[in-house]
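>>> Give the three-dimensional model of this entry:
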Amino acid sequence: MYEELLSPSEREYADSMKATMLRKDVVLSRALLRTTLSRYTGCKIDPRSFEFKKNKFGKPEVLWPLDDSTAEQPLHFNISHTTSLIACGIAINAHIGIDVEEKKRNTTKNILSLARRYFTPSEVDSLAEISDSDAQRKEFLKLWTLKVLHSVHFR
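So this is what the prediction gives:
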């Protein structure tokens, strides 16, 4: 039933997932997004009718029809999922960002490589100085959250 809501390209992407759980996560997250967006339009737009494009930052957004029947909506969304959680946020006239992570995800080896990719050199150096892996992970998440909040508020 949920697969019927997806576009052909979304179905193709879901079908490319080798693990059943990953495929299920993709189908459920896209169906949740489509049905939630439809509700925000007062159900004027069928969930199957939504088309998406990527903005200049590479973030997906709704491609609103250019005809007179539906004016462009001031809706922004973000979606993130783990193996046990799907988070979908919709905002009116504001950008929104969501990032959920597995609580028990083993990121100890990856923290500094992720930090080098997204953080400033001084932030990476600060993280590298923390010898306790749990404290390092907490500091990484704090910096990551601040970056997400900053990008949402200052775009």
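>>> Walk me through the domains of the chain.
Domains of the chain are assigned by the TED database as 3-76, 111-154.
>>> Distance across the longest one, terminal residue to terminal residue?
For domain 3-76, the separation between the terminal residues is 23 Å (Cα to Cα, to the nearest Å).
>>> for it, the distance to its chain's centre please.
Domain 3-76 sits 12 Å away from the centroid of its parent chain (Cα atoms, centre = their mean, to the nearest Å).
>>> what stretches of the protein score poorly on pLDDT?
The model of the chain has pLDDT under 70 over residues 66-73, 103-109, 148-155.
>>> where do the helices sit along it?
Assigned by DSSP state H, the helices in the chain fall at 8-15, 20-40, 111-118, 121-128, 133-153.
>>> In the second one, which residues are buried?
It stands for helix 20-40. 23, 25-27, 29-38, 40 (16 or more other Cβ atoms under 10 Å). (Glycine included, C-beta is placed from N, CA and C.)
>>> What is the nearest of those residues to Y13?
V26 (6.4 Å; Cβ to Cβ).
>>> Would you mind confirming that that closest one makes contact with M17?
Yes. Judged on Cβ atoms under 8 Å, V26 makes contact with M17 at a distance of 6.1 Å.
>>> related to what we said a few turns ago, can I get the helices of the chain in TSV including distance to M1?
Below are the helices of the chain laid out as TSV (distance: least, Cβ to Cβ, whole Å):
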stretch	distance to M1
helix 8-15	13
helix 20-40	8
helix 111-118	37
helix 121-128	45
helix 133-153	33
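>>> closest one to K53 among those helices?
Short answer: helix 8-15, nearest of these by Cβ to Cβ, at 11.9 Å.
>>> Report the backbone C-alpha coordinates of the closest one in PDB.
Listed next in PDB are the C-alpha coordinates belonging to helix 8-15 (Å, rounded to 0.1, in the frame of the first residue of the first chain):
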ATOM      1  CA  PRO A   8       8.900   5.300 -10.100                       C
ATOM      2  CA  SER A   9      12.300   6.700  -9.200                       C
ATOM      3  CA  GLU A  10      11.600   6.300  -5.400                       C
ATOM      4  CA  ARG A  11      10.400   2.700  -6.000                       C
ATOM      5  CA  GLU A  12      13.500   2.000  -8.100                       C
ATOM      6  CA  TYR A  13      15.700   3.400  -5.300                       C
ATOM      7  CA  ALA A  14      13.900   1.300  -2.700                       C
ATOM      8  CA  ASP A  15      14.300  -1.800  -4.800                       C
END
